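Undergrad: what's the 3D shape of this:
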Amino acid sequence: MVRLAVIIASTRNGRFGPTVAEWFTVRARRRGDLEVDLVDLAETRLPSTLCDHDEAVPPRVAEFGARLAAADAFVVVTPEYNQSFPAPLKTAIDWLYEEWHAKPVAFVAYGRESGGLYAVAQLRQVFTELHAVPIAASITLPCYWDLFAADGSWPKATAACNAAVTPLLDQLVWWARALRDARTARPFTV
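TA: Modelled structure (predicted):
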């Protein structure tokens with residue numbers, strides 16, 4: 001089994017992230033090769049002020065870190081705000097370091113016309129700096145509000161994003177296994 005942490009990046013009131021994350025995790029859990037941990041940054045309530053390197057991390061950060069350390073791969077579900085990703089996500093990323101190393105990360109982004117492409121581009125840079133491996137596949141949801149069905153469900157059965165989940169997860173699982181095998185054979189060092 002591959003342990004997948006799906007991270008809901010938005011903490012904003014009235015956010016759409018949980019809807020997107022639920023849609024994605026339902027599909028991920030249908031596979032027989034994934035164990036999914038849904039991590040909601042609004043629930044983790046991580047402090048916004050980082051500690052110095054010689055200070056002990058707060059218990060909430062330690063709990064968050066343990067969940068990420070247990071993961072073999074990550075999917076970040078993020079909105080795009082002002083052509084970037086939310087500040088609470090950056091804080092969550094910056095609280096940790098080794099927990100991200102040599103693990104694949106994929107992105108499911110949503111927003112206006114760009115569908116979150118600007119946020120994804122910046123996150124690829126950030127995660128590369130952390131020695132994580134952003135995979136090529138991603139899902140972007142431009143004008144996501146147009147994907148509601150007449151009955152209020154989301155997304156419409158005919159939405160292209162539904163077909164994009166399987167190839168993204170196939171790539172992510174391949175990278176997760178390959179990198180887990182590599183970390184087991186030889187621990188990652190910077």
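Undergrad: max-length strand in this protein?
TA: In the chain, assigned by DSSP state E, the strand with the most residues is strand 133-142.
Undergrad: now that strand: buried residues?
TA: Across strand 133-142, burial judged by 16 or more other Cβ atoms under 10 Å covers 133, 134, 135, 137, 138, 139, 140, 141, 142. (C-beta placed from N, C-alpha, C; glycine too.)
Undergrad: partners of the last one in the sheet?
TA: Translated: residue 142. Judged by DSSP bridges, the bridge partners of residue 142 are residue 111.
Undergrad: give me the distance between the residue most central in space within the chain and residue 93.
TA: Of all residues in the chain, the one closest to the mean position by Cα atoms, centre = their mean is residue 76, 1.4 Å from it. According to Cβ to Cβ, to the nearest Å, residue 76 and residue 93 sit 9 Å apart.
Undergrad: give me the three-state assignment for the residue sitting furthest away from the middle of the chain.
TA: Here the chain reaches farthest from its C-alpha mean at residue 150, the gap being 28.9 Å by Cα atoms, centre = their mean. Three-state call for residue 150 (DSSP: H, G, I helix; E, B strand; the rest coil): coil.
Undergrad: next, count neighbours for residue 158.
TA: 9 (other Cβ atoms under 10 Å).
Undergrad: what segments of the protein are strands?
TA: Using DSSP E, the strands found in the chain span residues 2-8, 34-40, 73-79, 104-111, 133-142.
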